[in-house]
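Got a predicted structure plus its sequence, pasted below:
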Amino acid sequence: VILRASAGSGKTHQLSNRLIGLLAAGELPERILATTFTRKAAGEIRQRIFNRLGRASVDAKYAVSLAKELGLKESQTFFKTLLLKVALN
């Protein structure tokens, strides 16, 4: 998938959704490649994934919201498992 858009259009949000969705579907973190033009952008995407998974791990309402946004039926426990999988990789 190629995502091209101008600054401030929500690319980081969409990319983090896509990557979290892949993880939720069972893809291994080491098998996912996401490229950007800058290290700063790559860091922002990575940080967004950690922030969203971390928040979903401790906040039940946010976990429901994130699951709904991603088209999933998952719980805090599921997002905690994904967070650990990403953090340990």
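Yep, that arrived.

where does A5 fall, phi/psi-wise?
The phi and psi torsions at A5 (degrees, to the nearest 10) take the values phi -160, psi 160.

Let me know the next secondary structure element after the longest helix along the chain.
Counting residues, the longest helix found in the chain (DSSP state H) is helix 39-58. Where DSSP states H and E defines the elements, the next helix or strand beyond helix 39-58 is helix 60-70.

what sits up against the very next helix or strand once past that next one?
Downstream of helix 60-70, the first helix or strand assigned by DSSP H and E is helix 76-87. For helix 76-87, contacts defined as CB atoms under 8 Å, 6 or more residues apart in numbering pick out 20, 23-24, 28-29, 49-50, 53-54, 56-60, 63, 66-67. C-betas here are computed from N, CA, C, even on glycine.

Just the buried subset of these, please.
20, 23-24, 49, 53-54, 56-57, 63, 66-67 (16 or more other CB atoms under 10 Å).

For the helix or strand hosting T12, buried residues please.
Secondary-structure assignment from DSSP H and E places T12 in helix 11-24. By neighbour count on 16+ other CB under 10 Å, the buried set for helix 11-24 is 11-12, 15-20, 23-24.

Report the rounded mean pLDDT for that helix.
Mean pLDDT, helix 11-24: 90.
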